[in-house]
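Colleague: structure of the sequence below:
(chains A, B and C)
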Amino acid sequence: MSRISVANEQSLAPVARQASIDIAVDTNGPGFTDITPTIEDWIARERLTDGLLTLFVRHTSAAVTIQENADPNVHLDLADAFEELAPRRPGRRHVEEGPDDMPAHIKAVLTDTAISIPIRGGRMILGTWQSVYLLEFRDAPRHRIVTAHYLGS
Amino acid sequence: MSRISVANEQSLAPVARQASIDIAVDTNGPGFTDITPTIEDWIARERLTDGLLTLFVRHTSAAVTIQENADPNVHLDLADAFEELAPRRPGRRHVEEGPDDMPAHIKAVLTDTAISIPIRGGRMILGTWQSVYLLEFRDAPRHRIVTAHYLGS
Amino acid sequence: MSRISVANEQSLAPVARQASIDIAVDTNGPGFTDITPTIEDWIARERLTDGLLTLFVRHTSAAVTIQENADPNVHLDLADAFEELAPRRPGRRHVEEGPDDMPAHIKAVLTDTAISIPIRGGRMILGTWQSVYLLEFRDAPRHRIVTAHYLGS
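Modeller: Numbering: from 1, shown residues only, chains lettered A, B, ... in the order given. Next up is the predicted model:
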């Protein structure tokens, strides 16, 4: 059995404003692009304090995810897992854009188009090992847009 | 290496109100139901301008997802992928509601119960090829509810 | 074809405040921990009425999910499905923390780091069979933090 407890209860600053930005990522094949510093720079520049940040990727063959930032082998093993879960193989119907396209849609549906992250005291409440990544699933270079939207104080 | 840049930085209208609606979908077996026009009608009718829209499906064997709206073959190939990832097979414990029930729970846990989409200037910021779908995973007809919730100007 | 209709359209109370809490879960191996009552207690204690609740897990080998709360066999079958989708096997690169670690990252990337749930009239709008769970994917006991964040009236 697990034990549940509660800590760090707090009222945050009242809700007052919204802000939004588009983060463009020019990718070069499948993989992880860390967009955490770009988001942190924007939070600092706009003085976002307490609120809710939502990241939304405007594509159906790419994704956003939060994953380990310490060992790059995690990203390589995750890439292998994506290939195993959504292999390139004969028999798919949607093949006009190449053999990597339909597997990319499958990987996208299994991961995330949007993620919301609370912000407290001017910082995303990420754990020690968490960073925010754009996941590219296509082979060819792509211009990807992640919209960041903030609601808060 | 990917290249990251920032564009379209903007402050949005202040936060003032919330609104909510329940979208009922009567399904007829597994598949994708496009609920984008229903959401767009509501956004226009309520004059929602800048804010955050959250879609929440109140069931554990259905989901919401954002996927390609152009080639219907993408939906057929995704349906195949779901069957491969969560096959109907002997050996499952939860079988009282039929052989399609436990695979439906697995598909639901791998996709999304909730998705948040920023709204700017009265429109969801969907990419060109993105639409919002209810995913039905059960065989028999079902009455599904997707709650849409808006926080914004 | 599915049939779509709209019901229960409502304007909610204006947006005024935020609140946040950390829910600590001390786990003892893989499985589901129901955190719904803990969240409901907090909603009642803080008198949260209409708004958006976001749950965010600050770890990359655990997750939050919404799943069936009636038959415990659903959780056992889901656990089996996770093992099948992300087996412990030779050939992974990230092995320093044990053979259960990389599969835990894969399971985490396939499920959810964050979920947002609308609140209406002082209650999460969960369906009859829905509860909110922390998913532990590691073998050894762990101290997990789920941050709950509220924006609303």
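Colleague: spit out the contact partners of the residue most central in space within chain A.
Modeller: Centroid-nearest residue in chain A: residue A:64, 2.3 Å away (criterion: CA atoms, centre = their mean). For residue A:64, the contacting residues are A:55-57, A:111-115, A:132-135, A:146, by CB atoms under 8 Å, 6 or more residues apart in numbering or on different chains. Glycine gets a C-beta too; all of them are placed from N, C-alpha and C.
Colleague: hmm, 10 Å instead?
Modeller: Contact analysis of residue A:64 by CB atoms under 10 Å, 6 or more residues apart in numbering or on different chains lists A:35, A:54-57, A:111-115, A:132-135, A:144, A:146, C:113.
Colleague: tell me the SS of the closest residue to residue A:52 other than its chain neighbours?
Modeller: Nearest residue to residue A:52 in three dimensions, chain neighbours excluded: residue A:151, at 5.2 Å (CB to CB, 6 or more residues apart in numbering or on different chains). Secondary structure, DSSP: H, G, I helix; E, B strand; the rest coil: residue A:151 is strand.
Colleague: filter the contacts of residue A:64 down to the buried ones.
Modeller: A:35, A:54-57, A:111-115, A:132-135, A:144, A:146, C:113 (16 or more other CB atoms under 10 Å in any protein chain shown).
Colleague: so the residue nearest to the centre of chain A bridges to which residues?
Modeller: Beta-bridge pairing for residue A:64 (DSSP bridges): residue A:112, residue A:134.
Colleague: strands paired with the helix or strand hosting residue A:54, and their directions?
Modeller: Under the criterion of DSSP states H and E, residue A:54 resides in strand A:51-57. If you go by DSSP bridges, strand A:51-57 pairs up with strand A:114-120 (antiparallel), strand A:142-152 (antiparallel).
Colleague: go through these and name the closest to residue B:99.
Modeller: Nearest to residue B:99, of all the strands paired with strand A:51-57, is strand A:114-120, at 32.4 Å by CB to CB.
Colleague: now do the next helix or strand after that closest one, average pLDDT.
Modeller: The helix or strand immediately downstream of strand A:114-120 is strand A:123-124, counting by DSSP H and E. Averaging pLDDT along strand A:123-124 yields 98.
Colleague: surely residue A:82 is in contact with residue C:109?
Modeller: Yes - shown here, residue A:82 and residue C:109 form a contact pair, counting by CB atoms under 10 Å, at 8.5 Å.
Colleague: what sits in contact with each of the two?
Modeller: Residues touching both residue A:82 and residue C:109 (CB under 10 Å, 6+ apart) are A:63, A:107, A:110, A:111, A:135.
Colleague: what is the burial count for the third one?
Modeller: Counted with other CB atoms under 10 Å in any protein chain shown, the neighbours of residue A:110 add up to 21.
Colleague: you'd agree it is up against residue B:84?
Modeller: No - using CB under 10 Å, residue A:110 is not in contact with residue B:84, being 11.8 Å away.
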